[in-house]
Each structure stands twice: as C-alpha cells, then as structure tokens.
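Chemist: sequence and predicted structure are below.
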Amino acid sequence: MKNVATGLIATCLIASIALAQAAPSSPPPQADKLGAQSLRRDALSLIYAPASTPARASRLVALARMAHRLEPDNPEGNRLLAVIYQSQGRLEDLKGALDICHRADPQDHVLGMQWLQLNLDLMATAQDRIDFLNEFVKRDDVTGELRAEAAVALAETYRGQGDKNRARNAIEMALKLNPRQPQAVFGVLAHRENVTVEDEISAALAVLAGSPRRTDQAHAVGTLLGELGLHEQALRFFEHGWTLAKQSQSREVMSRLGPSYASTLLDAGRAEEALSVLTEAMRYDPYNTDLRSLLIETNQALGRHEDASLATNELENILKARETTGSPAYARDLAWFYLLTQPRPERAMAYIRGPASVAADDPVVIRILGISELLTGNTSAGEERLLPLVSTDAYAALFLAERYFKSDRIEQGKAVLAQGASAARSGPGFRRLKILADLHGVELGEMKHAAEAAALAERFDFRVLEMCRKPGDFLELGLEAESVSLAVGDNLYVKVTLTNKSPIAAPLGLDGIINPQVAFVASIAGIDAPLANLPIALLPAPASLAPGQSVSTVIRLDVGRMSQVLAQRPTDEFPLVIAAVPDAMFRENRVISRAQGLEAKPVAIKRLSVLPGGPQVGDDQWKKAYELYLGHLSWFVQYGQVEQKMKTARQLAAMLDYESQISSGAADVTPARRSVISRQILLRLMVELLKDPSDVVRAEMLSAQTKMQNDYTTLKLLGARFDDPSPLVRLRLAELLGIAGGQNTVMDYLAQDKDEDVRMMANALMPSR
C-alpha cells in the first residue's frame, strides 16, 4: 500500500487536480477565491515550464502558499501543497492538506490510499494504528475497497505484534470487504492447511479478476492449468498476458511469459503459433536460453531440421560464452545442453563436476550426474541417483524409463513413466515422456484435481480480460469544453467523464482495466507541433467502476506554454482542437494510450479576436473596431466586477506584448493597422488597474505583466506598488521585478518584507551580485 500512496505524490508533479469543492468552515470572499485561482494557475504553469526557468521551485512554493492563505480549504490548492510538503518532509502539514482532499472526495481510491498510509506513518505506536484502523474499517462513507486496504494494514499490525488470531480475523475481514484484494486473497490462503491446487488457482483467478493487468497472475493460472494437462484452458490466460505484454512492449514480461506461453502451445500441438511467439519474444530478449531451447524443439516439431541445427549451434555458443565467467550455474547449464541435444555425456560430465562440488544437493545437478552416469555405462550409480527424483522431475523419469525399457524391465519402465507424469503434464520434459509413454502403450490418465480446476477456469468471467485488452468496447470516454469559444484572457476548462457501459464492474488503477488518468494534446493553427506538455487529469475514481457508473473531473489547461499561445495575436482568431489520451504513456516524446480503442471525440474551440466583428474587419474599419474595443476595456477598468477586471488585466498584457512585437517587426501587420494601437493608452489603463481598490485586481495586473515584454516605461509605472498594503500584491511585484531583472534596490527592499512569502519570492529571484 505504501508504494501506491507514495506514487501519487510524484504523479501530482505532472497532474492537475479535480476541481471538486470541499465544504469549507467559513467560505472565503469571492475575490479571494479568484486570487487563489490565479495563483494556482501560475504555480501549475511553473510545473510545466522548462527546467531552466528562474527559481522555478521556490516560486512554486511561494505561489502555492499564498493561494492557500486566500482559500485554505480548496482541494486543488491542498493537493499542490501536498507535493511541496512531501518534498520538504513536512509530514504533519502533508496530513493536513490531504485531510482536506480526502474529505472532498472520500470515494477517490488512490487519494484515499495515500491518506490512509500517511496517517499510519505518523502514528507513534502500534496500538495507535490498531485503534485508528479498527475505527476506519467501520466507516460507511468510504468504499469497501479502501476499508479492505485498512483491514490488510490492521492484519499486518497485529502480525507484527505476534497476535496471529486477530491478524487472521483482520485478513478475513479484508477478504469480505474486497474478495479481489491480493494481500487478503493470499493472506487467507496462507492460513489454510493442506492448500490444494484448486485453492491456488481460485486465489490467482480472484486477484486476476480485480487486477486484470497483472500478467504474473495470468502466468500463474496458465502454468497451474497447464501442469494439470489443461492446455487449451491455460492458453486463454497466456494469450491474455501475451497481448498485454505486446501492447506495453515490456521486455521483462515477454522474457518471463514467452517461454511458458510457447511451451504450452507446444503442449497443445500448436507448433506454428509457438514459433511466432518465440520469434516475437526473442526480438526483445535474444540471449534468453529458455527461449532458444524451445526454438530448437519447435523447429524439430515442424520438421525444420536445418533451422533446428542452426538454433542448436547458436545456443551452444551463448552457453559457452557464459561458462567462461566461471559461474557454476553456467557450467551446469552447458552440461545439461550437452545431455539434451545430440547427447554427449562425457562432455556433460566434464562440465558438471564443478557445480557438483559446490551444490551437490541441487536437484538439477543430481539429474545431470545421474543421466550422465546412465549414458556412460555407470548404470547402477545412475539409476540409484535418479530414482528419488522421478516423481518430481520428468527428465529423470524419462531417461530412467528409457534405461529400464532397453534392459527389458518393462513394468519398471511403465511405473517410472506414470510417476514422472504425476508431477506435471506440461513442459519439454513431459512432452518427451509422453512420446515414450505412447510408444509403450502407457495410459497416463487424468491428473488429480484436473476436473475441478477446469470447472474453476470455465466459471471465470473472461469478459474482464477482454475489457482489459479492448477497453474501448466496454468503457466510454467523454470530453467537453466549458465553452466552444474562448476570448483572450479567458480560462480554458475541459470536463472529462469516464463511464462503464458494460454489464460488469470495471476495476481501475495501474493493474486494472485502465489507470484513470487522462493526458491531453492540443493542435493549434499556426503551430506545427501539437502541444502535449499539458496537465494530466486524475479522475477521482473508486477502485472499481460499477456498471453504468461514471466519474468525471474538470481540469484547467491554460497553463504553461498553452497560456502563452492563447494570449498571442490577440486581434486574430484561430481554432484549436483538444484530444484526450486516456491511460497515457510518454514514449519517445510522444503521448500514447495504453487503453486500446478508448477514445473521446476531440473538442474544437475557437480563440476569438478581441475586436468587435472579429478578424474579418477590413483595414478601413479596423481603427473603428479597435477604438470600440478600447471603449469596452475602459468601461471594464472603471466599472467591471473583480473577475471582469482580472480578465481585462490579462488582455491588456496581451495587447501590450502584441504592440511590442508590431513595433519590433516581429508581428506582421498591414501599415494601416500598424499605427492604430497606441501603447500610451494601454499603459494608462494598466496604471488604473494597478490602482484598483481590489488587491486581487492589482495583483492580477502584475501577474499578467510577467508574461509580456517589459521595458523601462512599464517598470517605472510600478513605483506605487512597492509599499502596497497587500502581501499578495507585493508577492506578485517581487516575481515581476525578479523576472525583469536589473531591479536590485527594490528587490533588496522586498527581500526584507514583513511577509514571509513575499520574502521567499524576492530572495528566490534576487539578482546575482
């Protein structure tokens, strides 16, 4: 549980938070909420800013802390603070921030896991943890899955105290709360006596049903079924794991799963498919000796003897190269190779002597010694060495039975074959043993527990595995913008909704159908490469989405580079298209989805011109349209509400920056328009906003100026704000002057401000002497 909890903090560094609102004890004024919203936007922008951005970390802290002062109960702000407190090791403060987030949405499983683990970490004694967990498992405002996690933690605590009975009761409680919780499933199994193979299969199936991306459990079920001779049933689970491995291009999973999958295909007589699997797996792990051994067998089964010979030579070269390292394990592998392929027992005996001297009790070493002795004429010693292994080692049974048949001990040979087949009905050793059994008319019969295991596999709901491989057939992703048009200075919000349209529950999370997080990519007219460095939406989802259930979140995207793009060319109009990428992975600077076929219809948004009539206004009417726009700005500056004035501040900064680009020739406009935009008028309006009675308006004007080109004239107009009574305004001033540079005297002054956050911002951006 701790790994999942800690992982969320790292995720927060690249993610935006659901804008669900907790119920604060005393709601802050609307103006303070707007000011906090602005601060959080700029803090998020710093997260997505280049690493070379001046004082990135310290500015982020100062902005987030000031936002918290203005709106202390906001979940988004507290999640941002949680990132900071975690990095600073301030666990008590981290707990306070997460308390607010957890209260805002107790159904959010990942957040709940983090909150739960943090509370446990902060408790001084085991009894404190026991008391806390015993109360938590009774809560009815959180999901059964989260209460199950608490019950697992309770069992671990009792176990640490040596209280086995209470530990057992707690783990059984966890299983009742969530029959698919892995630690609960395997914990209850561990308390049982005489665990059967059905118990093992049932446990692995339960975990797989709740965690369908756990290829280790698909592997475990496939292996257990295969060993019982249920090869076709086993292949359904191997095929699932293999499909996921190919989707993720995981070398580790392919190396682990590939040999078992290919071997089971050979068990089922599907050699062509086995060859395909081996070829694919060896692209990722070309020196895997298990894969190469199976490749030899597969080519032989297909009658491709030249290919088998080539594969044999390649495997020998690999094993020889490894053996030169002096490792006894590699010498053992080479000895086995010389017994298994074109048997050369003398050479095998030469290589096994070293491993035998250091690992005489190793069953593989004993097998190799025994078979080597059989094949070199020391038959009595070989038989004596192999006989104890026959019930657990198919190869030992195979070679010993062959010896018995050759020496006319037919009944002994048949008995040894039956014993050898009792351990497992799968693998290369069993396949050779089966050929020998068929040759001598030995009926191996059905494995014990095979019928019961087959029934378990048939009862498993394979739809959950299909849902994992093709989530688009079972889930629906919706994306909608708050508005299809966006004025300069407007906030850009989109809503993401995930719905389970299937008749069965959809487990979520890293091991579930999908990880409930959504990345975004924006395609914008005039920009060649799509913008992908955007906030990631973390859906506040439970551990499992019930049939018909939806979960949604609203996320702000006008941060970082996107904020700059939306403010450019303010008199123009241009379209942008935002696409959602669910369960996103970043690979080679690309954003790709792990959720096959799950797509939302992209949203098209139009960034509007500030001019009445839009960009279609001709040169002859452009001056009139611009003057009308200035009239609107002037009215908002004088009479607008706080939110309107803040938007006006952002538009003024965009227009001033645009005017600078026109003057420098960076912006290409017609001569008739070049002289229309008056910088002096825009500056006068800026000064009025800097004198506004509302501190959040004054602060917003300063914040907007950090995003434009400032010169001596614009900076000279800030003098009245040096002693502004509002720490919010002084903090924004320190940030602006620090970014602009060359303001040593004022920055020295602000670095000694009475407000801690103002001092932090000023010191972070203090010019080097």
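Modeler: It's in. Residues are numbered from 1 along each chain as shown.
Chemist: give me every residue that touches the nearest residue to Lys33 once chain neighbours are set aside.
Modeler: Leaving out its chain neighbours, the residue that sits closest to Lys33 by Cβ to Cβ, 6 or more residues apart in numbering is Glu71, at 5.4 Å. Bear in mind the C-beta positions are built from the backbone N, C-alpha and C, glycine included. Residues in contact with Glu71 (Cβ atoms under 8 Å, 6 or more residues apart in numbering) are Pro24, Pro28, Asp32, Lys33, Ala36, Gln37, Gly77.
Chemist: please identify which of the residues you listed is nearest to Asp108.
Modeler: Gly77 (16.3 Å; Cβ to Cβ).
Chemist: let me see the domain layout of the protein.
Modeler: Split into domains by automatic domain parsing, the chain comes to 1-103, 472-607, 614-764.
Chemist: and the ones you listed as TSV, adding mean pLDDT and distance to Leu386?
Modeler: Shown next, in TSV, are the domains of the chain (pLDDT from 0 to 100; distance: least, Cβ to Cβ, whole Å):
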stretch	mean pLDDT	distance to Leu386
domain 1-103	80	45
domain 472-607	93	43
domain 614-764	91	74
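Chemist: can you check which of these gets nearest to Glu314?
Modeler: Closest of those to Glu314 is domain 472-607, at 30.6 Å (criterion: Cβ to Cβ).
Chemist: first-to-last residue distance for the closest one?
Modeler: Distance between the two ends of domain 472-607: 31 Å, counting by Cα to Cα, to the nearest Å.
Chemist: could you pick out the buried ones from the contacts of Glu71?
Modeler: Among the contacts of Glu71, the ones that count as buried by 16 or more other Cβ atoms under 10 Å are Pro28, Asp32, Lys33, Ala36, Gln37, Gly77.
Chemist: quick one on the thing from earlier: redo the domains of the chain as a markdown table? Include distance to Glu316.
Modeler: Converted to a markdown table, the domains of the chain look like this (distance: least, Cβ to Cβ, whole Å):
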| stretch | distance to Glu316 |
| --- | --- |
| domain 1-103 | 42 |
| domain 472-607 | 37 |
| domain 614-764 | 63 |
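Chemist: which stretches in the stretch 51-200 of the chain count as helices?
Modeler: Remark: helices assigned in the stretch 51-200 of the chain by DSSP state H, counting those that start in this stretch are 56-70, 75-88, 91-104, 109-121, 126-136, 144-160, 164-177, 182-191, 197-210.
Chemist: I'd like the ones you listed as JSON lines, with distance to Gly597 appended.
Modeler: Shown next, in JSON lines, are these (distance: least, Cβ to Cβ, whole Å):
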{"stretch": "helix 56-70", "distance to Gly597": "37"}
{"stretch": "helix 75-88", "distance to Gly597": "31"}
{"stretch": "helix 91-104", "distance to Gly597": "32"}
{"stretch": "helix 109-121", "distance to Gly597": "24"}
{"stretch": "helix 126-136", "distance to Gly597": "38"}
{"stretch": "helix 144-160", "distance to Gly597": "26"}
{"stretch": "helix 164-177", "distance to Gly597": "32"}
{"stretch": "helix 182-191", "distance to Gly597": "27"}
{"stretch": "helix 197-210", "distance to Gly597": "21"}
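Chemist: in stretch 670-687, which residues are buried?
Modeler: By neighbour count on 16+ other Cβ under 10 Å, the buried set for stretch 670-687 is Arg673, Val676, Ile677, Arg679, Leu682, Leu683, Leu685, Met686.
Chemist: could you do stretch 180-188 as well?
Modeler: Under 16+ other Cβ under 10 Å, the buried positions of stretch 180-188 are Arg180, Gln181, Pro182, Gln183, Ala184, Val185, Gly187, Val188.
Chemist: name the residues of the strand or helix carrying Arg650 that are buried.
Modeler: Assigned by DSSP states H and E, Arg650 belongs to helix 642-664. Buried residues in helix 642-664, defined by neighbour count with 16+ other Cβ under 10 Å: 642-643, 645-662.
Chemist: about what we covered before: and the furthest pair within the contacts of Glu71?
Modeler: Among the contacts of Glu71, the pair separated by the greatest distance (Cβ to Cβ) is Pro24 and Gln37, at 14.6 Å.
Chemist: close enough to count as contact, Met646 and Lys33?
Modeler: No: using Cβ atoms under 8 Å, Met646 is not in contact with Lys33; the gap is 11.5 Å.
Chemist: re earlier: show me what the helix holding Arg650 is packed against.
Modeler: Where contact means 3 or more Cβ pairs under 8 Å, 6 or more residues apart in numbering; DSSP states H and E, helix 642-664 is packed against helix 30-47, helix 561-567, helix 619-639, helix 679-690, helix 695-705.
Chemist: output the very next helix or strand once past the second one as CSV, nothing but the C-alphas.
Modeler: Downstream of helix 561-567, the next assigned helix or strand under DSSP H and E is strand 574-582. Output of strand 574-582 as CSV, limited to C-alpha atoms (Å, rounded to 0.1, in the frame of the first residue of the first chain):
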residue,chain,number,x,y,z
PHE,A,574,-7.7,30.8,-34.7
PRO,A,575,-9.0,27.3,-33.9
LEU,A,576,-7.6,24.8,-31.6
VAL,A,577,-8.5,21.1,-31.2
ILE,A,578,-8.0,19.3,-27.9
ALA,A,579,-7.8,15.5,-27.8
ALA,A,580,-7.9,13.3,-24.7
VAL,A,581,-5.4,10.4,-24.3
PRO,A,582,-6.6,8.0,-21.6
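Chemist: all strands of the stretch 351-500 of the chain, in order?
Modeler: Here the stretch 351-500 of the chain has its strands, by DSSP state E, counting those that start in this stretch, at 475-481, 485-486, 493-500.
Chemist: save the ones you listed as TSV, and put in mean neighbour count too.
Modeler: Listed next are the strands of the stretch 351-500 of the chain as TSV, based on neighbours: other Cβ atoms under 10 Å:
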stretch	mean neighbour count
strand 475-481	18
strand 485-486	15
strand 493-500	20
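Chemist: let me have the ones you listed in a markdown table, extended by distance to Met747.
Modeler: Output for the strands of the stretch 351-500 of the chain, formatted as a markdown table (distance: least, Cβ to Cβ, whole Å):
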| stretch | distance to Met747 |
| --- | --- |
| strand 475-481 | 40 |
| strand 485-486 | 35 |
| strand 493-500 | 35 |
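Chemist: phi, psi for the residue nearest the centre of the chain please.
Modeler: For the chain, the residue nearest the mean C-alpha position is Leu510 (5.8 Å; Cα atoms, centre = their mean). Backbone dihedrals for Leu510, given as degrees, to the nearest 10, come out at phi -60, psi -30.
Chemist: same check on Met585?
Modeler: When read as degrees, to the nearest 10, the backbone of Met585 gives phi -130, psi 140.
Chemist: apart from its neighbours in sequence, what residue is nearest the residue nearest to the centre of the chain?
Modeler: Once flanking residues are discounted, Leu510 sits nearest to Arg213: 7.1 Å by Cβ to Cβ, 6+ apart.
Chemist: list the residues that contact that neighbour.
Modeler: So Arg213 contacts Leu244, Cys468, Leu510, Asp511, Gly512, Ile513 (Cβ under 8 Å, 6+ apart).
Chemist: SS state for it?
Modeler: coil (DSSP: H, G, I helix; E, B strand; the rest coil).
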